[in-house]
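Enquirer: Please work out how this folds:
(chains A and B, ligands or ions: 2)
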Amino acid sequence: MSQPQDGVSDTPLLDPPLLDRADVRVKHATGIGGALEAFVTRVRSGDLGFLPVIIGLLIICTVFQILNPVFLSSSNLANLLFDSSTIGVISLGIVCVLMVAQIDLSVGSVSGFASALVGTLWVNQGWPVPLAILAALVIGALIGAAYAFLFNWLGMPSFVSTLSGLLAFLGLQLYILRSTGSINLPFGSPLVSFGQLLTVPGWLAYALVALAAVGVFLTNYRTEQRRKASGLSTQPMAAIATKALAIFIGLGFIVFYLNKTRGVPWIFGLFVGLVVAMNYALKQTKWGRSLTAVGGNPEAARRSGINVRRIYMSAFMICSTLAALGGVLAAARLASASQQAGTGDVNLNAIAAAVIGGTSLFGGRGSAYSALLGIIVIEAISSGLTLLDLSSSLRYMITGAVLAIAVIVDSLSRRSRMANGRA
Amino acid sequence: MNNVSENAVPHGEPVLSLRGISKHFGAVSALSEIAFDVHAGEVVALVGDNGAGKSTLVKILAGVHQPSAGEIFFAGKPVRLADPSTAIDLGIATVFQDLALCENLDVVANIFLGREQGPWHLDEVSMEIRAWTLLNELSARIPSVREPIASLSGGQRQTVAIARSLLLDPKLIMLDEPTAALGVAQTAEVLDLIERVRARGLGVLMISHNMEDVRAVADRIVVLRLGRNNGILAPDASNEELVSAITGASENSVTRRAGRRAQLERSSEARP
Ligand SMILES: Nc1ncnc2c1ncn2[C@@H]1O[C@H](COP(=O)(O)OP(=O)(O)O)[C@@H](O)[C@H]1O
Ligand SMILES: [Mg+2]
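Expert: Ligands and ions are numbered 1, 2, ... in the order given. I've put the predicted structure just below:
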């Protein structure tokens, strides 16, 4: 430093500028109006966040509601949430591998293989259900470890290794089920009830909503107090309170609406729980930070001392473990482990959901919530078309178009971010 | 920042010693038989033409590349820098020529990358404060530490990379062309910083093409030419000596230009 003083101390004692607000060139948002303005600027520079998927969802809901008023009925929505949960869980794993700019094309096969395993071990071999599920999850994790091994040590692109995995595990699934074709899971068993019937008791659902709102408020409040104490800029209290209130009212209304008929499915509760946990892991832990770094610039991550191979290993293992869990949930949902499980559009829907929800195919940018929002979009299209008695041919075409739009939005916003220096 | 940090190697002892370091990339010998020392409280400048192997040497010392042959001693002990985290843990901090920043992460995340506070629950507030403190020490002009690195200019990025190297209180700092993208005032700040770091008893290895900067702060100048040691000079060595060590010839375009200029000056002095 050229002056004898110590950088910060040469600022006047009266009303010292906040540590992060010393630069006069930057326009800083103040108050709620400012926050809104900052949001608009961010969107215009290509940082779209969840905006496209939420707009898309609104359009889809409006169109289908006009075409068939049953669409937004409480029981149809509950059904939609039951259906979303299985592929949603798989899609959550896809978010992990997309974050490190890799792909897993075998999630459908792995989920089918896992459901066949659970069916055989539980129904045919008489294993206790938890043990059978655990075995399926462990095998899922091992499959991911194998992909990571091929990628890390043999340099095999994940596109290829998982494509061969797609075929191999489909083969294994067919082999396991070769004698019976499909195994029916006993109705009335806890697993099947979980997949088909069980819903969160009303009071508990409200309690969880309140907990979420209070949790958001308290964590934000504590952070702002600490920022204030250390001379950093803070959000206004009103903004935090508004956010918490919006969460309470928004989620509370959804719970209220669903409770009019069936309520909130437990299986969906599990899915949301996993999404929240994954979001925490991605945004608030060292692991998540490393994962994002590896997706953005693997060489820079390596030079920072991050064990890049371990990060790839964790991403692939989480992805195929969640694929296996999704397969178990799908078996519970259908009360059977069949040769068709995990085939067809499962793979592509899981990948499409993550991308539609806003996770970038280019790596280093994404959110656990994109799996939740993306799968709801896909299932909404599917449910709406089923209500209109339209064939699956149309469903494929529309889902394909939505995916194409999502990828275009991703590429365009990426280009715009680069032009605006927010890549 | 002026107090001697407790983990520093005693003043004047070698922090880093290289003996016979060679590096081959296939048929290319990027480095052969490099040997020199960096002492505590000393700034060593590493100079050489483009492709001389300076960045390769820095990457070997940062654990990015493995040497094909040779020994590295750090604080007197032989070490094997198998990966970047080994080097970082030993106390070797590096500002790479290409900076090695993640464009998708913000300034705070980049400064703390791999060394985050609170592995199970990131302590964003503490990290942000520390980031501002480091950046203010460098008199950095960074508008916001919560914007992605992609939104910063080249000079601002370089400052972030330098701030990152100071984070862990290292014993040796290597800077690969740290002032290449900096303006006049920022270059002066970085040179001041290097002197402050030296005053704290750390070893500094600095690469620069700017001979003025090199002379201003270096205690010794190590010259690399085509991957080999080509002399160790004092900072008061004449320009001719330096240039001929770098280019390997006493008669070349640089010395010819310098010679012409000197002649002109002499003739203008003789004419008053
Ligand atoms: N990863 C690599 N693979 C092959 N050759 C390399 C690699 N890195 C550097 N080199 C070669 O090593 C030599 C020295 O390069 P470098 O250390 O970058 O030079 P400097 O930094 O002094 O300009 C060059 O000939 C370059 O082509
Ligand atoms: Mg170089």
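
Enquirer: residue boundaries of the helices in the stretch 1-150 of chain B?
Expert: Taking DSSP state H, counting those that start in this stretch, the helices of the stretch 1-150 of chain B run over residues B:54-61, B:84-90, B:107-111, B:124-137.

Enquirer: Contacts only, for A:R333.
Expert: By CB atoms under 8 Å, 6 or more residues apart in numbering or on different chains, the contact list for A:R333 reads A:F82, A:D83, A:S85, A:T86, A:G195, A:Q196, A:I267. No exception for glycine: its C-beta is placed from N, CA and C like everyone else's.

Enquirer: What are the boundaries of the strands in chain A?
Expert: Per DSSP state E, chain A carries strands over the ranges A:182-184, A:199-200, A:264-265, A:336-338.

Enquirer: closest to A:Y369 out of these?
Expert: The closest of the strands of chain A to A:Y369 is strand A:264-265. By CB to CB, the value is 17.4 Å.

Enquirer: Could you list every helix and strand that that closest one packs against?
Expert: Under the contact criterion of 3 or more CB pairs under 8 Å, 6 or more residues apart in numbering or on different chains; DSSP states H and E, strand A:264-265 touches helix A:74-99, strand A:199-200.

Enquirer: most tightly surrounded among those?
Expert: Among those, helix A:74-99 has the highest mean neighbour count (mean count of other CB atoms under 10 Å in any protein chain shown), at a mean of 26.

Enquirer: Show the average pLDDT along it.
Expert: Computed over helix A:74-99, the mean pLDDT rounds to 96.

Enquirer: what do you get for stretch B:74-82?
Expert: Averaging pLDDT along stretch B:74-82 gives 95.

Enquirer: how about that stretch: buried residues?
Expert: Using 16 or more other CB atoms under 10 Å in any protein chain shown as the burial criterion, the residues of stretch B:74-82 that qualify are B:F74, B:A75, B:V79, B:L81.

Enquirer: Stretch A:249-263 too?
Expert: Within stretch A:249-263, the residues that count as buried by 16+ other CB under 10 Å are A:L251, A:G252, A:V255, A:L258, A:N259, A:R262, A:G263.

Enquirer: Just the closest of the residues you listed to A:M99, please.
Expert: Set against A:M99, the nearest of the buried residues of stretch A:249-263 by CB to CB is A:L251 (26.1 Å).

Enquirer: For B:G12, see how far away the closest residue to the closest one other than its chain neighbours is.
Expert: Leaving out its chain neighbours, the residue that sits closest to A:L251 by CB to CB, 6 or more residues apart in numbering or on different chains is A:V209, at 4.4 Å. Note on A:V209: its distance to B:G12, by CB to CB, to the nearest Å, is 66 Å.

Enquirer: Could you check which of these two has the larger neighbour count?
Expert: A:V209 (21 against 10; other CB atoms under 10 Å in any protein chain shown).

Enquirer: and B:A180, how many neighbours?
Expert: The burial count assigned to B:A180 is 15, neighbours taken as other CB under 10 Å.

Enquirer: Would you agree it is in contact with B:A161?
Expert: No. Using CB atoms under 8 Å, B:A180 is not in contact with B:A161, being 11.4 Å away.

Enquirer: what about the residue of the stretch 101-250 of chain B found nearest ligand 2, neighbour count?
Expert: Residue nearest to ligand 2 within the stretch 101-250 of chain B: B:D176 (6.0 Å; CB to the ion). Using other CB under 10 Å, B:D176 has 23 neighbouring residues.

Enquirer: Not counting its neighbours along the chain, what's nearest it?
Expert: By the measure of CB to CB, 6+ apart, the closest residue to B:D176 outside its immediate chain neighbours is B:Q97, 4.0 Å from it.

Enquirer: And the lowest mean pLDDT element among the helices and strands of the chain?
Expert: Just so you know, I chose chain A. Lowest on mean pLDDT, DSSP states H and E among the helices and strands of chain A sits helix A:31-44, with a mean of 73.

Enquirer: That was the other one, I meant chain B.
Expert: helix B:253-269 (a mean of 66).

Enquirer: Identify the bridge partners of the residue of the stretch 101-250 of chain B closest to ligand 2.
Expert: B:I207 (DSSP bridges).

Enquirer: Next one: it from B:L46, what distance?
Expert: Taking CB to CB as the measure, B:D176 falls 9 Å from B:L46.

Enquirer: Overlap of the contact sets of these two?
Expert: B:K54, B:V58, B:I207.

Enquirer: Around ligand 1, pick out the residues from the stretch 51-200 of chain B.
Expert: Proximity of the stretch 51-200 of chain B to ligand 1 (CB under 6 Å from any ligand atom) is limited to residues B:G51, B:A52, B:G53, B:K54, B:S55, B:T56.

Enquirer: Chain neighbours aside, what residue packs nearest to the second one?
Expert: So that's B:A52. B:L224 (4.2 Å).

Enquirer: correct me, but that neighbour touches B:V47?
Expert: Yes. Applying CB under 8 Å as the test, B:L224 and B:V47 come out as touching, 7.2 Å apart.

Enquirer: before we move on, back to that, return the distance of the least confident helix or strand of chain A from the chain's centre.
Expert: 25 Å (CA atoms, centre = their mean, to the nearest Å).

Enquirer: and it with chain B, contact?
Expert: No. Using CB under 8 Å from any CB of the partner chain, helix A:31-44 stays clear of chain B, with a minimum separation of 10.4 Å.

Enquirer: For that helix, list the C-alpha coordinates in PDB.
Expert: What follows is helix A:31-44, C-alpha atoms only, in PDB (Å, rounded to 0.1, in the frame of the first residue of the first chain):
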ATOM      1  CA  GLY A  31     -35.300  -1.800  -0.300                       C
ATOM      2  CA  ILE A  32     -37.800  -4.000  -2.000                       C
ATOM      3  CA  GLY A  33     -38.100  -1.900  -5.100                       C
ATOM      4  CA  GLY A  34     -34.400  -2.100  -5.500                       C
ATOM      5  CA  ALA A  35     -34.500  -5.900  -5.100                       C
ATOM      6  CA  LEU A  36     -37.000  -6.100  -7.800                       C
ATOM      7  CA  GLU A  37     -35.000  -3.900 -10.100                       C
ATOM      8  CA  ALA A  38     -31.900  -6.100  -9.400                       C
ATOM      9  CA  PHE A  39     -33.900  -9.100 -10.400                       C
ATOM     10  CA  VAL A  40     -35.000  -7.600 -13.700                       C
ATOM     11  CA  THR A  41     -31.300  -6.700 -14.500                       C
ATOM     12  CA  ARG A  42     -30.200 -10.200 -13.600                       C
ATOM     13  CA  VAL A  43     -32.800 -11.700 -15.900                       C
ATOM     14  CA  ARG A  44     -32.000  -9.400 -18.700                       C
END
